[in-house]
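Undergrad: Generate coordinates for the sequence data below:
(one chain, ligands or ions: 4)
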Amino acid sequence: MPLLLIVPTGILASGVPAEVVAAVDVNTVANEVYTHNFSTTPLWPKTIEGITLKELNRLSFDMILMSPPCQPFTRIGRQEGISDPRTKSFLYILDILPKLTRLPKYLLLENVKGFETSSARDELIRTLEKCGFTYQEFLLSPTCIGIPNSRLRYFLIARLHSEPFPFLAPGKILTDFPSQEPENSKTCKDAAAVTEAGSPVLTKMLGSGLHANGRQCPQKRDFLYKLETETELERKQQWDDNLSLQMLKNFLQEDGEGLSQYSLPLKSLLRYALLLDIVKPTCRRSTCFTKGYGHYVEGTGSVLQMAEDIQLESVFKSFDDLSEDAKLKNLSMLQLRYFTPREIANLHGFPPEFGFPENITIKQCYRLLGNSLNVYVVAKLISFLVESY
Ligand SMILES: *[C@@H]1O[C@H](CO)[C@@H](O)[C@H](O)[C@H]1NC(C)=O
Ligand SMILES: *[C@@H]1O[C@H](CO)[C@@H](O)[C@H](O)[C@H]1NC(C)=O
Ligand SMILES: *[C@@H]1O[C@H](CO)[C@@H](O)[C@H](O)[C@H]1NC(C)=O
Ligand SMILES: *[C@@H]1O[C@H](CO)[C@@H](O)[C@H](O)[C@H]1NC(C)=O
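TA: Ligands and ions are numbered 1, 2, ... in the order given. Predicted coordinates:
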């Protein structure tokens, strides 16, 4: 994914009056969805490094919103981040920013968790300081604002030649939105750490058992499931009891909107039952939806249990002793299904009018949503960014 210059949905949702002068992306499907919804906004289907300094100067923009490619920061890590060719767009922006005849007043950058310790981040900070920006960094998940979905991301907001942000915490990464009581920020960080780090640990253990045995199902399943029962299930229960988070059902589509096509196929049920993060509509949490959702089962996002009165524990209790048929019968009683693209879009804060063109496949929708930002979070950051205290 290339840099995104402007995220208009975020701008509109934040209530800040703004005109989008250019949106930049090379992903053709993303661009089709974009033009479908924002037919009048200039869209440049090119890479950032394909835009000349002259073109940027001519745009004369006040705000730049960007989301540089994340693979280099997640997979390769700290040392090699900058030498990866995929950071080219990002380095180009850093190079060109100081050369603009008129610097933008506001800047927002999003990235994956891990960016904060990358050399690309250090380079960014050096450039911003050189240009005279004040900035603040964040690690935020939509759960901070009551959205029942974990999506921990790095954000940086920066203002040109301004007073420091009132909530400026030099050298610190804030883990909650600034408020009257900055002390608050701790709890949200802990909560975010639980979902982002908690589930995958279990998944990984099950996964490695799976490969070590060379079987479809890990042998020590009962033991592993118990691990989840004692610690993870308790934490999940705490989340579901946390009234400052909304229930998932506020974000779900009504029955009968063609939802049957989202049922989990029985074959993957049997194989992956224990890797799934299963949530009910009354739950107040869901794991991060990634671009493989609906396609790969493991660690790509929660699935919904639509038969709400069945106790998950009763299904998995002595599961190992059942025949395959009985397992399948029990599992299918849960009526497990994927979240639909519309439902994930709802959790991400896309308005009801937002739509996908008819010919975009469900898999393509999941891919785009897996790469998406949360509009609620970005909107709130933009209002902090432009707010004059
Ligand atoms: C998205 O596209 C639809 C057409 O399906 C359009 O009516 C709507 O206004 C667009 N939404 C936004 C936020 O622009
Ligand atoms: C409930 O969720 C909010 C928002 O994520 C968080 O700040 C708070 O610490 C949570 N409370 C408990 C008791 O976990
Ligand atoms: C699962 O299947 C077994 C055997 O078919 C049955 O005894 C048990 O009640 C089932 N569990 C649930 C929750 O229905
Ligand atoms: C959808 O249709 C448009 C217009 O016919 C076409 O240009 C585009 O390539 C199609 N997109 C996909 C993803 O098939």
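Undergrad: Any stretches of the chain with poor pLDDT?
TA: Where the chain drops to pLDDT under 70, the residues are 1-16, 70-86, 180-230, 388-389.
Undergrad: List, one by one, the residues from it near ligand 1.
TA: 9, 36-38, 351, 353-355 (C-beta under 6 Å from any ligand atom). In short, each C-beta sits where N, CA and C put it, glycine included.
Undergrad: ok, Val378 - how many residues close by?
TA: 26 (other C-beta atoms under 10 Å).
Undergrad: Check the secondary structure at Arg159 for me.
TA: strand (DSSP: H, G, I helix; E, B strand; the rest coil).
Undergrad: Name the nearest residue to whatever residue of the stretch 201-350 of the chain ends up closest to ligand 4, sequence neighbours excluded.
TA: Nearest to ligand 4 in the stretch 201-350 of the chain, going by C-beta to the nearest ligand atom, is Pro341, at a distance of 13.9 Å. Closest residue to Pro341 apart from its sequence neighbours, by C-beta to C-beta, 6 or more residues apart in numbering: Cys365 at 3.7 Å.
Undergrad: wait, isn't that neighbour in contact with Phe356?
TA: Yes - with contact defined as C-beta atoms under 8 Å, Cys365 reaches Phe356; the gap is 5.5 Å.
Undergrad: what do the two both touch?
TA: Pro341 (C-beta atoms under 8 Å, 6 or more residues apart in numbering).
Undergrad: Three-state assignment for the closest residue to ligand 4 within the stretch 251-389 of the chain, please.
TA: Closest contact between the stretch 251-389 of the chain and ligand 4, by C-beta to the nearest ligand atom, is at Asn359 (3.7 Å). Going by three-state DSSP, the secondary structure assigned to Asn359 is coil.
Undergrad: Would you confirm that Leu264 contacts Arg337?
TA: Yes - counting by C-beta under 8 Å, Leu264 touches Arg337, with 6.3 Å between them.
Undergrad: Show me which residues of the stretch 1-150 of the chain sit near ligand 2.
TA: For the stretch 1-150 of the chain, the contact set with ligand 2 under C-beta under 6 Å from any ligand atom comprises 143-144.
Undergrad: For ligand 2, what's the nearest residue on the stretch 1-150 of the chain?
TA: For the stretch 1-150 of the chain, C-beta to the nearest ligand atom, closest residue to ligand 2: Thr143, 4.1 Å.
Undergrad: Just say helix, strand or coil for that residue.
TA: Using three-state DSSP, the structure places Thr143 in helix.
Undergrad: correct me, but it touches Asn149?
TA: Yes - assessed by C-beta under 8 Å, Thr143 is found in contact with Asn149 at 7.1 Å.
Undergrad: Determine how far stretch 315-330 lies from the middle of the whole chain.
TA: 34 Å (C-alpha atoms, centre = their mean, to the nearest Å).
Undergrad: What's the end-to-end length of that stretch?
TA: In stretch 315-330, first residue to last residue: 6 Å (C-alpha to C-alpha, to the nearest Å).
Undergrad: mind listing what's buried in that stretch?
TA: Under the neighbour-count criterion of 16 or more other C-beta atoms under 10 Å, stretch 315-330 has 315-316, 319, 327-328, 330 buried.
Undergrad: Filter those down to just the ones in helices.
TA: Taking DSSP state H, the ones among the buried residues of stretch 315-330 that sit in helices are 315-316, 327-328, 330.
Undergrad: Give me the nearest residue to Arg153, chain neighbours excluded.
TA: Nearest one to Arg153, counting by C-beta to C-beta, 6+ apart, is Glu110 at 5.8 Å.
Undergrad: mind checking the SS state of that neighbour?
TA: Three-state call for Glu110 (three-state DSSP): strand.
Undergrad: Bridge partners for the closest residue to Phe339 other than its chain neighbours, pull those for me.
TA: Sequence neighbours aside, Leu304 is the residue nearest to Phe339 in space, at 6.3 Å (criterion: C-beta to C-beta, 6+ apart). Beta bridges link Leu304 to Val279, Arg337 when assigned by DSSP bridges.
Undergrad: so where do the helices sit in the stretch 1-150 of the chain?
TA: Using DSSP state H, counting those that start in this stretch, the helices of the stretch 1-150 of the chain run over 8-14, 28-37, 53-59, 71, 88-96, 119-131.
Undergrad: Test my guess that Leu152 contacts Lys113.
TA: Yes - using C-beta under 8 Å as the test, Leu152 is close enough to Lys113 to be in contact (5.1 Å).
Undergrad: Next up, the contacts around Arg284.
TA: For Arg284, the contact set (C-beta under 8 Å, 6+ apart) comprises 148, 239-242, 245-248.
Undergrad: Compare those and tell me which is most surrounded.
TA: Neighbour max across the contacts of Arg284 (other C-beta under 10 Å) = Leu248, 25 neighbours.
Undergrad: Give me the distance between that residue and Gly256.
TA: In this view, Leu248 and Gly256 are 18 Å apart by C-beta to C-beta, to the nearest Å.
Undergrad: Centre of the chain to stretch 331-350, how far?
TA: How far stretch 331-350 lies from its chain's middle: 15 Å, per C-alpha atoms, centre = their mean.
Undergrad: For it, buried residues please.
TA: For stretch 331-350, by 16+ other C-beta under 10 Å, it's 331, 334, 336-350.
Undergrad: same thing with stretch 254-261?
TA: Within stretch 254-261, judged by 16+ other C-beta under 10 Å, the buried ones are Leu259.
Undergrad: got the contact list for it?
TA: 253, 337, 340, 362.
Undergrad: Run the chain-centre distance for that stretch.
TA: The answer for stretch 254-261 is 25 Å, by C-alpha atoms, centre = their mean.
Undergrad: Can you give me the end-to-end span of that stretch?
TA: 14 Å.
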